[in-house]
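**Q** here you go, sequence then predicted model.
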Amino acid sequence: MFFPVFLFNPTSGEDVKDGICTVHRVKFFDYQPTAIHCMAYDEDSERLAVVRSDGAIEIWNMKHNFNQERVIPGSRTSKLDSVTWVKGRLFTTGFQGDITEYDLVKNTVKYSVLYGNAAWCLAANHAGTLLATGSDNGCIRLFDLTTEKVTYDRMLNPQDQRIVSLAWHKSDEIIVTGSIDNMKVWNVITGNAVQRITLQRTFKKKETIVWCVAILSDHTIVSGDSTGRTMFWDGRVGTMLKGYTSHRMDILTMCVTKDETSVFTTGVDPTIVQFTLAVTDDRLGTKAWVRNRHIAFGHTHDIRAMVIAGNFLVSGGLDTNLVTNPIEVSPGHSQIRGQIEKYKRLYHAFPQKSLIKCAGESKLLLFQYPYHLEVWKLGSTSDATDKDVASLTVSEQPLKLLDILTKGIDQIVCSSISKDGAWIAYSDVHRVKLFHLNLDVPSLQKVACLPMQLGPTHHLVFSCDSSKLFLATDSCSVQVLLLDEIQPTLQHTFHAMENSILVLEADSSGTFVAAADAEGNVIVYNVNNFKVHCRLPTYASQPKAVAFNPHSQEIFVAYSDQMLYEYNLELKSYTDWSRSLHRCKIHHAWLRRRHKVTRVMYSATNPNIVFVYDVNMLCAIDKSKPLPKAHQQLFKKGSIQEPNDKRVITHGFNIHQQFKPLLFLDNVDLDKSLVMVEYVMQRFIESLPATLKQKKFGT
């Protein structure tokens, strides 16, 4: 659709027409979020690994304000069902039966080893020396982690039924496993089962599957099964201590707090139940497990994974949402409210690295999907209006020009299209591919003779004159490729940065390219003399977005802790506006935002306007206006802001919340308009399966 909208409100006394901007509102990007299958948290690096149903693995960094640091792409054949961290190393397994370790700098598979049948579960001992898998044929296999590469160690005595869950005791000498109708306690040294616990069936002909299991230091075993029962057992003698029918359907996952005083369970019934070890007799000092709290926030469908990450209880499942809740809630109304506000969060499964690129000169959009690319031509209108806010009739409908299909099994990592629409490039985990696009008669020609030195890349950016392609490689370096239809030339490779490159941007003059890595470094390279122009002061948080000012030599950087900085490349120092922003302190409501900045861009018509947006809001920052004071309202409470909202904004942060979820925003060079890509949430909700029927009062 094509609508002109009022993007930011001018202050009183200014010409109202200066604030009007025509916007292409695009809602046909068919992005499909994927379900969460499993999760694991590494206490040492404070990173959370989230495995999606398409095999992609998201790495979230808790130290950097719950920031999605990187994504390891999946493939058509990768179906992962279990993940674990071991001393900073990440391992997964699945129904293919292989154990895979990942390179967390190159964001790819380091190696895979294949042993035996499909694996249902994976867990490492507390010393980090052994890895245990439970397989479909009833075998527990142990793997040695003391070497650089995982090696097979031995197998415990097999059983007849598949093993769907397992857990290690803190002594690393005992493993407890969950299976069909029973659990077993194993001696790791002898390889024999020393205890068998049989579960009673609810229905005679229906199996009881122990989907999740845990064992505490005092040998208490906690199980969650397909009948919705949470049960506590004495692991030494195999007797039941306490049992609760805590859920109406299968319990799929559980986690235990570090001090082993609380257990959380959840599953097909998307309610999290907390059990607490409470003192039942003060005189005798006896304790028992009691049901304490129910958490019903953020999920509508099956919860398949749940972990404790620091002070957060993190959960995810079929509805694709990543949800956090506080682990403990202290008594007192004000304390409860503060804890919930701090730890209660919901993150929709929208990409934090944009999957959309715009060719402004030719009014084209490039949509990136896991295994194909789409090129669309924007529509247009011949209507005109004198109104500040109006919807214009589309005279020329948007048109899909072509599809580019990948031939391999690997997902696309990154893609880009040049400003004039003549070049398209994409990369997977193995190689870069370059195409020349003829727009007169839409046709695509592959450029076959690429330099051998080009490696897989994490980011691709074309220069504004469409003569060069900048690549952020998986070896943490920036490469400059001179484009040619027959044989492109690799002009230069800059020295590698400290860690993976998270952001890559080029300026409008074709002189500078900026790269930001996971260590907080931002380096600006001069691509004319192939030297480092400057390094921005290192910041403790990870960069999320970088933009060059097309009107002057300034660069704008947004970080994961919601801080904003503007740097003058000529003076090699922060700008006056940036110094003023941090001297007066950024508004507390801005810093409390949950979602990270997706992209930053300067206005093509006004050098003082900077657009900063995430999935929930669009902020037009006017640097010529005063900064918002602490007592001023930054976000409108209640319903979202309407397009015809006539509020007069006296400060420079004008925030619009009617465009959400907002996935992309960019300038269209021909008519100085903007293109905005929004996601139709209702379309995804309708694609989900039916929810578990909830019984309501009076029905």
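**A** Okay, I see it.

**Q** partners of the one helix or strand R291 maps to, with directions?
**A** Following DSSP states H and E, one finds R291 within strand 286-295. Partner strands and pairing direction for strand 286-295 (DSSP bridges) are strand 272-281 (antiparallel).

**Q** can you list contacts of the partner strand?
**A** For strand 272-281, the surrounding residues in contact (Cβ atoms under 8 Å, 6 or more residues apart in numbering) are 230, 232, 244, 246-247, 260-266, 285-296, 303, 306, 313, 315, 325. All C-beta spots, glycine's among them, are computed from the backbone N, C-alpha and C.

**Q** any weak-confidence spans in the stretch 351-500 of the chain?
**A** 381-395 (pLDDT under 70).

**Q** give me that answer again for 50
**A** Scanning the stretch 351-500 of the chain for pLDDT under 50 picks out the ranges 390.

**Q** where along it do the strands fall?
**A** Ranges of strands in the stretch 351-500 of the chain, per DSSP state E, counting those that start in this stretch, are 356-359, 364-368, 372-377, 399-405, 414-417, 423-427, 432-438, 443-447, 457-462, 468-473, 478-482, 489-493.

**Q** and the ones you listed: which comes nearest E554?
**A** With Cβ to Cβ as the criterion, E554 lies closest to strand 457-462 of the strands of the stretch 351-500 of the chain, at 18.3 Å.

**Q** contacts for the closest one next, please.
**A** With Cβ under 8 Å, 6+ apart, strand 457-462 has contacts from 107, 413-419, 423, 425-427, 432, 468-474, 500-501, 503-506, 513.

**Q** can you list the weak-confidence ranges in the chain?
**A** For the chain (pLDDT under 50), the answer is 1-18, 390, 638-643, 698-699.

**Q** farthest residue from the center of it?
**A** Largest separation from the mean C-alpha position in the chain: R283, at 50.2 Å (Cα atoms, centre = their mean).

**Q** residues near G510, how many?
**A** 15 (other Cβ atoms under 10 Å).

**Q** before we move on, what about D218?
**A** Around D218 sit 11 other residues, with neighbours defined as other Cβ under 10 Å.

**Q** element containing it, please.
**A** Going by DSSP H and E, D218 is not in any helix or strand.

**Q** could you measure from it over to T239?
**A** Using Cβ to Cβ, to the nearest Å, D218 is found at 14 Å from T239.

**Q** ok, S673 next?
**A** S673 is 72 Å from T239, where distance means Cβ to Cβ.

**Q** show me what contacts F29?
**A** F29 neighbours (Cβ under 8 Å, 6+ apart): 356, 367, 663-664, 677, 679.

**Q** I meant to write V185 there.
**A** 174-176, 193-197, 215, 221, 235, 238.

**Q** can you list which of those residues are found in helices?
**A** Assignment to helices by DSSP state H places none of those there.

**Q** and the residues you listed as a markdown table, adding neighbour count and distance to R154?
**A** What follows is the contacts of V185, written out as a markdown table (neighbours: other Cβ atoms under 10 Å; distance: Cβ to Cβ, whole Å):
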| residue | neighbour count | distance to R154 |
| --- | --- | --- |
| I174 | 19 | 16 |
| I175 | 26 | 13 |
| V176 | 25 | 18 |
| A193 | 17 | 15 |
| V194 | 13 | 17 |
| Q195 | 19 | 20 |
| R196 | 12 | 21 |
| I197 | 21 | 24 |
| I215 | 24 | 21 |
| I221 | 25 | 24 |
| G235 | 21 | 23 |
| G238 | 16 | 25 |
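
**Q** want to throw these into CSV with distance to K363?
**A** Shown next, in CSV, are these (distance: Cβ to Cβ, whole Å):
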residue, distance to K363
I174, 65
I175, 61
V176, 61
A193, 68
V194, 71
Q195, 69
R196, 69
I197, 66
I215, 61
I221, 63
G235, 67
G238, 71
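
**Q** tell me where the chain has helices.
**A** Under DSSP H, the chain gives helices at 333-343, 576-584, 588-591, 681-687.

**Q** redo those helices as JSON lines? Include mean neighbour count and distance to T129.
**A** JSON lines is the format used below for those (neighbours: other Cβ atoms under 10 Å; distance: least, Cβ to Cβ, whole Å):
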{"stretch": "helix 333-343", "mean neighbour count": "12", "distance to T129": "34"}
{"stretch": "helix 576-584", "mean neighbour count": "14", "distance to T129": "47"}
{"stretch": "helix 588-591", "mean neighbour count": "14", "distance to T129": "42"}
{"stretch": "helix 681-687", "mean neighbour count": "11", "distance to T129": "43"}
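
**Q** for those helices, which one sits closest to Q159?
**A** Closest approach to Q159 among the helices of the chain (Cβ to Cβ): helix 681-687, 39.6 Å.

**Q** what's that closest one in contact with?
**A** 32-33, 661.

**Q** list only buried entries from these.
**A** 33, 661 (16 or more other Cβ atoms under 10 Å).

**Q** tell me the one among the contacts of helix 681-687 nearest to L90.
**A** P33 (22.2 Å).

**Q** distance-wise, check the residue lying closest to the closest one once chain neighbours are set aside relative to D54.
**A** Closest residue to P33 apart from its sequence neighbours, by Cβ to Cβ, 6 or more residues apart in numbering: A349 at 3.6 Å. In this view, A349 and D54 are 11 Å apart by Cβ to Cβ.

**Q** overlap of the contact sets of those two?
**A** Contacts common to A349 and D54, judged by Cβ under 8 Å, 6+ apart, are T34.

**Q** that older thread, between S673 and T239, which one's more packed in?
**A** Applying other Cβ under 10 Å to S673 and T239 shows that S673 carries more neighbours, namely 20 against 9.

**Q** ok, now which ones touch that one?
**A** S673 sits in contact with 21-24, 667, where contact means Cβ under 8 Å, 6+ apart.

**Q** then V680?
**A** Per Cβ under 8 Å, 6+ apart, neighbours of V680: K27.

**Q** quick one, strands of the stretch 1-150 of the chain?
**A** In the stretch 1-150 of the chain, the strands defined using DSSP E, counting those that start in this stretch lie at 2-6, 20-26, 36-42, 47-52, 57-61, 67-72, 80-86, 89-94, 98-103, 108-114, 119-124, 130-135, 140-144.
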